[in-house]
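> Give me the fold of what follows.
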Amino acid sequence: MDSSQDLLVLIEGGVAGSTSITASFLSLTSGDSHPLSSGEYVIPSPSDGAVRGFTITVMGVFMGLLISNFKFIVYDWKRGKLVVDIPFDDGDIINTFFFLDRERLGLVRGLRRPAHIEIYRFIDGNIRLSGPVLTATYHLPTLIDGVRLGEISCRSDPPPHQIETSTTYTNNSSVHSPPPFIPRLEDRIFVVDMLFLHGRTAVGTCVIVIRGETLMNVPKGSELVDGTYVVTPDLWMHDTHMQPMTTMGNWACFVYGSRFVTISFNPPIDESESDEEEEEPGRLGWPLQIVTFDMNPRMIAWAKSKGCETTPYGISYAFGTVEDLDCTVCESNYTSVSSELLREPWVAERPLIATGFKADDIVSRADDDFVVMLNGERLIVIQASRHLPPCPALFLSSPTR
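Residues are numbered from 1 along each chain as shown. Next up is the predicted model:
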C-alpha cells in the first residue's frame, strides 16, 4: 500500500498449476482500478506454476516485485513499462531488495561467499536506461568454513518517494512536518538481519545497521572491476553498527527513517512461583518490552552533549534495563559475533541511541503473535492471540521523541 498515492497493489496467482501472476493497481478509497494506472500487469509463472512468496515495495511510479524463486522486476504502473527484469535460480537467489533513492536500488544475494549487497542504477536523471547497471557490490562478513547463511533480510522504510513527500511543507493540516530523525535520504538506515546455520542447526544471529549515506557514496579505495566498484569489508564496516541479535520475529515493518524498533519478553524472576504449577488457561503473561534505536548522527551528538549514559555492551544491555532506559548511547558490539562465526572481525564503530519502555498494558503468552511498527510519530502494536477476542488487538503509543 501507498496511502500517499491512494494505491493498493494486489498480487494474484503463483499457485501450483497457474500460468500467470497478475498485479492489479487499485484505489485504496474505492477498491476500483486506480485512475492513474495503465491496467493490470500479467507475468508468466515459473515452469511449475508455484512460487514461494512475494515481496512488494512501491516508490512513486515504480513497483518493485520480488518473486522469491523466480525473478525480480521493477514496473512503471502508470505508464505500463517494465523497467527492470532480473531472473535467477535456486543456486544464486535474490533474498530481498530495496530502493536506495529515485534512481538506484539494492539487491541482497545471500548464497554468495561472502554475501553481497548489489547496487544497481536503473534511471540516469530523467533518462530510462535500457537495463539496470550494476554500479557497486558491497561485501558482507565472510563466514568460517562449515557455517552458512540460513536467512538474510534487509529493510528500510518508508521508500524514498514517501520520505521526500513528507518533507514538503504545505498548508494542509493532514500533512505532518518532517520528523527530526529522517531529514535526508542519507540518514535512512538499512537493517541487515542474518541467521547463521551449521548444517541445519542455528548457531547465531546478527544485525548490521547501515546508513544510507554509506550505500549512496562508494568509499574511497574501492576497486573498479569491469565497470563495477567492489567494496570490501575493510572499506565500509567501520561505518556500520553490529549486534548479535535478530529482529526476524518482528516481521518486516520495524524500520522507519533512521530508527528501528525491537521487542522482547523478559519474564520476571519470582522464586515463589513453582515450576510445577501449570499456567491457568487465559492467564496473562509477561509485559511487552519495546526498545527503539536511532542512528541519526545529530541525535547521537545531542544525546552525548546532554550527558546521556554510554554503554559498550550494545543492544543486549538495552533489553536488560528496559525499565530505566532513556536515551542511552549503545556502542557497537561486534566481538562476540566475529570471534565465533566470522572468518575476519567485522569492526563496526557506529553507535545507536536506545530508548525503551515496558508496555504494562500489553502482555504476552507463548502463542501470541506481535507486530510492532514505527511511523513518524507513534509506535503501533498489533497483537494476535487465541486468548483475545476474535479480532486482533491494536495499540497506539503517545507521540515518540
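
> can you pull the pLDDT of F370?
Here the pLDDT value assigned to F370 is 69.

> ranges for the strands of the stretch 1-150 of the chain?
7-13, 20-27, 41-44, 54-59, 62-67, 71-76, 81-87, 96-99, 104-109, 116-124, 127-139, 147-155 (DSSP state E, counting those that start in this stretch).

> In JSON lines, list the ones you listed along with mean neighbour count, distance to V203 and mean pLDDT.
The C-beta positions use only the backbone N, C-alpha and C, and glycine is treated the same way. JSON lines is the format used below for these (neighbours: other Cβ atoms under 10 Å; distance: least, Cβ to Cβ, whole Å; pLDDT from 0 to 100):
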{"stretch": "strand 7-13", "mean neighbour count": "16", "distance to V203": "35", "mean pLDDT": "90"}
{"stretch": "strand 20-27", "mean neighbour count": "18", "distance to V203": "36", "mean pLDDT": "92"}
{"stretch": "strand 41-44", "mean neighbour count": "16", "distance to V203": "37", "mean pLDDT": "90"}
{"stretch": "strand 54-59", "mean neighbour count": "19", "distance to V203": "26", "mean pLDDT": "91"}
{"stretch": "strand 62-67", "mean neighbour count": "22", "distance to V203": "27", "mean pLDDT": "94"}
{"stretch": "strand 71-76", "mean neighbour count": "20", "distance to V203": "29", "mean pLDDT": "94"}
{"stretch": "strand 81-87", "mean neighbour count": "15", "distance to V203": "31", "mean pLDDT": "93"}
{"stretch": "strand 96-99", "mean neighbour count": "23", "distance to V203": "22", "mean pLDDT": "94"}
{"stretch": "strand 104-109", "mean neighbour count": "22", "distance to V203": "21", "mean pLDDT": "96"}
{"stretch": "strand 116-124", "mean neighbour count": "19", "distance to V203": "22", "mean pLDDT": "92"}
{"stretch": "strand 127-139", "mean neighbour count": "15", "distance to V203": "21", "mean pLDDT": "87"}
{"stretch": "strand 147-155", "mean neighbour count": "19", "distance to V203": "7", "mean pLDDT": "90"}
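
> Distance to L341 added to those, as CSV?
CSV is the format used below for the strands of the stretch 1-150 of the chain (distance: least, Cβ to Cβ, whole Å):
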stretch, distance to L341
strand 7-13, 36
strand 20-27, 37
strand 41-44, 38
strand 54-59, 26
strand 62-67, 27
strand 71-76, 28
strand 81-87, 30
strand 96-99, 21
strand 104-109, 18
strand 116-124, 18
strand 127-139, 16
strand 147-155, 6
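
> angle of the host helix or strand of T205 against strand 104-109?
T205 belongs to strand 201-211 when assigned by DSSP states H and E. Interaxial angle of strand 201-211 relative to strand 104-109 (axes from the mean of the first three to the mean of the last three Cα atoms, to 10 degrees): 170 degrees.

> any idea of the mean pLDDT in the helix or strand just after strand 201-211?
Downstream of strand 201-211, the next assigned helix or strand under DSSP H and E is helix 212-216. Averaging pLDDT along helix 212-216 yields 94.

> How far off centre is helix 212-216?
On the basis of Cα atoms, centre = their mean, to the nearest Å, helix 212-216 sits 15 Å off its chain's mean C-alpha point.

> same for that helix, what does it pack against?
strand 189-198 (3 or more Cβ pairs under 8 Å, 6 or more residues apart in numbering; DSSP states H and E).

> which strands and helices sit next to the strand it packs on?
On a contact count with 3+ Cβ pairs under 8 Å, 6+ apart, strand 189-198 meets strand 147-155, strand 201-211, helix 212-216, strand 255-256, strand 259-264.

> quick one: least confident helix or strand in this structure?
Lowest by mean pLDDT, DSSP states H and E among the helices and strands of the chain is helix 314-320, with a mean of 52.

> in whichever helix or strand comes after that helix, what counts as buried?
Downstream of helix 314-320, the next assigned helix or strand under DSSP H and E is strand 328-330. Using 16 or more other Cβ atoms under 10 Å as the test for burial, strand 328-330 gives 328-330.

> Name the nearest residue to the residue nearest to the spatial centre of the chain, sequence neighbours excluded.
In the chain, the centroid-proximal residue (Cα atoms, centre = their mean) is R155; its distance is 2.0 Å. Leaving aside its sequence neighbours, R155 sits nearest to V255 (Cβ to Cβ, 6 or more residues apart in numbering; 4.8 Å).

> bridging residues for that neighbour?
F260 (DSSP bridges).

> what about it, distance to S45?
Computed with Cβ to Cβ, to the nearest Å, the distance linking V255 and S45 is 31 Å.
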